[in-house]
Structure formats: structure tokens, C-alpha cells
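1. this is a predicted model, with the sequence first.
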Amino acid sequence: MSPDDQKLVALARAAKARIQAEQGAAVRDETGRSYAGATVALPSLQLSALDVAVAQAVAAGARGLEAAVVVSGHAPALSAVAELAGPGVPVWHCDARGDVLEELTT
């Protein structure tokens, strides 16, 4: 994992901790900008942390992704990342300490 990828882990952990969320996530776009998000769990709206991070990237004008990290107890759904990133982009699934549980690809 590169220093830029480790930064994504730190951002995802911070997003999760900030609101005591079930998940935290961070993505890096094709220009190197990073976006983080946490689980949204409202009665009328349920979003994974990864979906929130991808939505923030899209809202900021990102046209692609080069990496993603999810801090969660269970494996993430990759559909939103895959749609924006295309095939072959790494997605690291980490535990709450930031240790990599598995490396997935879109």
C-alpha cells in the first residue's frame, strides 16, 4: 500500500469515528483528490460509506477513481465504485484499526 493509499485508510477511519458510523470510506479520483464518507442510516435513507464517498467525488466533478478504502466489519458492495472507476481499480477492505482484511478489485 502506497503512502497515498494509507492516507485513504486514515480518511476512512476518521469519517467512521467522527459520527460513530458502522462504516467509513474514502476514494481517490483520477486527479489525486480524496473524498471520504460515513454510513448514512436514517429511517428514510440508507447509504453505505462507499456510496457516500463516491457521491462526493461525482459531485465534485470526478470522472474516474484510482483507489478506494472501506473500513467496515463486512465486505463492501462495489457497484458504485466500479461504475465510476471501471475495471481493475483496487478497493481495500480494512478493519477498524486500519489493517487490511482483503484487497478487492472492481
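-> Alright, I've got the coordinates. It should be emphasised that the depicted structure is a prediction, and the values quoted were computed from it without experimental measurement.

2. which residue ranges of this structure form helices?
-> Per DSSP state H, the chain carries helices over the ranges 3-18, 49-59, 79-85.

3. looking at these, which is buried most?
-> Of all these, helix 49-59 carries the top mean neighbour count, a mean of 22, counting by mean count of other C-beta atoms under 10 Å. The C-beta positions use only the backbone N, C-alpha and C, and glycine is treated the same way.

4. helices and strands around it, which ones?
-> Judged by 3 or more C-beta pairs under 8 Å, 6 or more residues apart in numbering; DSSP states H and E, helix 49-59 is in contact with helix 3-18, strand 24-29, strand 34-38, strand 65-71, helix 79-85.

5. how far off strand 24-29 does that helix point, in degrees?
-> Counting by axes from the mean of the first three to the mean of the last three C-alpha atoms, to 10 degrees, helix 49-59 points 30 degrees away from the direction of strand 24-29.

6. just how off-centre is helix 49-59 within its chain?
-> 8 Å (C-alpha atoms, centre = their mean, to the nearest Å).

7. repeat that for stretch 92-106.
-> That offset, for stretch 92-106, works out to 10 Å (C-alpha atoms, centre = their mean).

8. next, format the helices and strands packed on helix 49-59 as TSV and append mean pLDDT and distance to residue 46.
-> Listed next are these as TSV, based on pLDDT from 0 to 100; distance: least, C-beta to C-beta, whole Å:
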stretch	mean pLDDT	distance to residue 46
helix 3-18	97	16
strand 24-29	98	15
strand 34-38	98	13
strand 65-71	98	16
helix 79-85	95	14
